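[1] Take a look and give me a structure for this.
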Amino acid sequence: MFACKIVSLGIKSSAGQLKCLCTISRCLLSSFDDLTSQQRLKVLGTLNEATAQELEAFDVPKTIIRDIIDERKTNGVYRSLDRILKIDGSGENWLRKMCKSLTDVATKPSRTKNAKNFLTPTLPNIELRDAVAIHLKTPGVSWAKLSYPDNTLTEWNHENFTFLPLKMSPVETFNQTIGILKKIPPADVYVFEQRLSPGPRGSRQPAMVSAYTQQGELLSMLVALLNTSINHNASLRNGKMDSKNNIENRVFFLKSTLAPRLFRTLIGGERVSALEVLKEFLEGDGSKHPQIPCTQIKVNARLKTEFNSKSAVDKELLGQALMLAVAFMEFCVYKNRASIEALASSR
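    Model prediction:
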């Protein structure tokens with residue numbers, strides 16, 4: 001319909017064509033205005049997960065299906081709906097029909113074999129603009145903040161536990177946690193990795209048991225403080241509590257080992273240093289490792305310089321938080337099919 005209008009107007013100048021195309025883009029994007037943030041995420045997740053056969057169930061023409069998959073393979077997963085405008089043959093009616101079809105199906109429980117419970121609890125229907133991944137282990141705590149949908153690393157820092165006493169009183173643990181909380185940037189959600197037990201061997205070593213217990217205490221306090229801090233829980237600032245004054249949870253746990261499996265730092269069930277893969281991952285403007293099937297992230301020069309100036313221990317801490325943040329985005333937000341399929345090959 002729009003193509004006919006362009007021809008009939010006889011637009012010859014590049015400026016005129018650009019103005020007309022911008023008008024068309026605004027008209028097409030208006031079809032998405034009634035979608036909620038969660039619906040957009042579900043539509044994008046379907047576009048990033050679906051095979052050609054699954055897209056046919058949405059009455060998508062085969063020529064468009066091929067273009068959708070080719071675009072996904074060439075330029076990575078879809079992070080915004082307006083990117084569909086780049087696909088030839090996408091018109092106003094087509095886009096509206098596609099979004100309605102995908103939204104209708106996306107609101108139902110997924111039946112695909114890739115629909116796995118990567119996150120506990122399930123991500124609620126919230127306006128997601130950013131997420132902070134927090135890595136907590138014996139050497140220290142680190143965090144990485146990724147914005148959505150531009151996938152930019154905006155904050156990346158850590159605190160070392162070198163001088164932390166082996167045993168702390170409840171008040172000392174509380175004060176330590178408050179100090180960490182003040183440094184963690186606010187976000188819409190906070191993601192930790194699910195904890196693993198120290199195992200039979202570790203349970204026989206008092207030092208490991210003590211460290212594991214201490215981490216558990218710090219983690220429990222961080223979960224409570226992140227959820228109850230007005231600065232960190234946006235729902236409190238917006239007054240979003242139910243009739244029983246229950247606070248909306250904003251802390252989630254990603255299934256253990258997902259991040260190291262995605263970044264190929266889990267060898268024979270044991271984690272190995274991530275420094276080499278991180279160095280390659282952060283090199284160049286694209287910040288995308290050719291062997292790691294994940295969405296491009298943007299990292300500014302300052303954060304890269306600060307990372308490179310750290311000790312090996314601190315780099316490892318920072319790297320674990322970044323990998324956790326990327327894994328959360330890939331598996332729970334973008335639902336990147338390539339990332340999900342990579343899990344099977346990493347076993």
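[2] Strands of the stretch 51-200 of the chain, start to end?
    Per DSSP state E, counting those that start in this stretch, the stretch 51-200 of the chain carries strands over the ranges 119-120, 130-137, 140-147, 152-160, 189-193.
[3] could you dump those to JSON lines with mean pLDDT and mean neighbour count?
    All C-beta spots, glycine's among them, are computed from the backbone N, C-alpha and C. Output for these, formatted as JSON lines (pLDDT from 0 to 100; neighbours: other CB atoms under 10 Å):
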{"stretch": "strand 119-120", "mean pLDDT": "94", "mean neighbour count": "14"}
{"stretch": "strand 130-137", "mean pLDDT": "96", "mean neighbour count": "22"}
{"stretch": "strand 140-147", "mean pLDDT": "96", "mean neighbour count": "24"}
{"stretch": "strand 152-160", "mean pLDDT": "95", "mean neighbour count": "18"}
{"stretch": "strand 189-193", "mean pLDDT": "97", "mean neighbour count": "24"}
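[4] To E270, which of those strands lies closest?
    Closest to E270 of the strands of the stretch 51-200 of the chain is strand 130-137 (CB to CB; 14.7 Å).
[5] just checking, what packs against that closest one?
    Counting contacts by 3 or more CB pairs under 8 Å, 6 or more residues apart in numbering; DSSP states H and E, strand 130-137 packs against strand 140-147, strand 189-193, helix 206-228, helix 312-328.
[6] Using PDB, write out the CA atom coordinates for the last one.
    So the one you mean is helix 312-328. Provided in PDB are the C-alpha atoms of helix 312-328 (Å, rounded to 0.1, in the frame of the first residue of the first chain):
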ATOM      1  CA  ALA A 312      43.600 -11.300  38.000                       C
ATOM      2  CA  VAL A 313      41.400 -12.000  41.000                       C
ATOM      3  CA  ASP A 314      39.400  -8.900  40.600                       C
ATOM      4  CA  LYS A 315      39.100  -9.400  36.800                       C
ATOM      5  CA  GLU A 316      37.700 -12.900  37.600                       C
ATOM      6  CA  LEU A 317      35.100 -11.400  40.000                       C
ATOM      7  CA  LEU A 318      34.000  -8.800  37.500                       C
ATOM      8  CA  GLY A 319      33.900 -11.300  34.700                       C
ATOM      9  CA  GLN A 320      31.600 -13.600  36.600                       C
ATOM     10  CA  ALA A 321      29.100 -10.800  37.100                       C
ATOM     11  CA  LEU A 322      29.200  -9.800  33.400                       C
ATOM     12  CA  MET A 323      28.700 -13.400  32.300                       C
ATOM     13  CA  LEU A 324      25.700 -13.800  34.700                       C
ATOM     14  CA  ALA A 325      24.200 -10.600  33.300                       C
ATOM     15  CA  VAL A 326      24.600 -11.700  29.700                       C
ATOM     16  CA  ALA A 327      23.200 -15.200  30.400                       C
ATOM     17  CA  PHE A 328      20.100 -13.700  32.100                       C
END
